[in-house]
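Participant: Structure here, sequence nowhere to be found:
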């Protein structure tokens, strides 16, 4: 495990690195978006304000960050090597 890396976290996540439409790098903004959105009721941003604070102006890039759903935890439950083949 790469525990020596400063930004490494134990939760597995698959976040798109680039916007599918325009190609802007958005993978590094997801954690910041969640942090801004969940900062608290009084101090936290609304979704649109958080996206503006991150500098996401295009609606395609905003879509990539705002609609990301982390499915890797569910996918890790399926291991192709554990399947039994029926002959």
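Facilitator: Sure, I can see it. Predicted model only: the values in this text are computed from it and were never measured. Numbers count the residues shown, from 1 in each chain.
Participant: so what's the residue nearest the centre of the chain up against?
Facilitator: In the chain, the centroid-proximal residue (Cα atoms, centre = their mean) is residue 15; its distance is 4.1 Å. Contacts for residue 15 were tallied using Cβ atoms under 8 Å, 6 or more residues apart in numbering; they are 27, 30, 68, 70. Placement of C-beta: from N, CA and C, glycine included.
Participant: Any of these buried? List them.
Facilitator: For the contacts of residue 15, a neighbour count by 16 or more other Cβ atoms under 10 Å gives the buried set as 27, 30, 68.
Participant: Nearest to residue 54, out of these: which one, please.
Facilitator: residue 30 (9.6 Å; Cβ to Cβ).
Participant: Just the element for the closest one, please.
Facilitator: Assessed by DSSP states H and E, residue 30 sits inside helix 30-37.
Participant: For that helix, which helices and strands make contact with it?
Facilitator: helix 47-53, helix 59-66 (3 or more Cβ pairs under 8 Å, 6 or more residues apart in numbering; DSSP states H and E).
Participant: For the longest one, list every residue counted as buried.
Facilitator: Within helix 59-66, the residues that qualify as buried are 61-66, counting by 16+ other Cβ under 10 Å.
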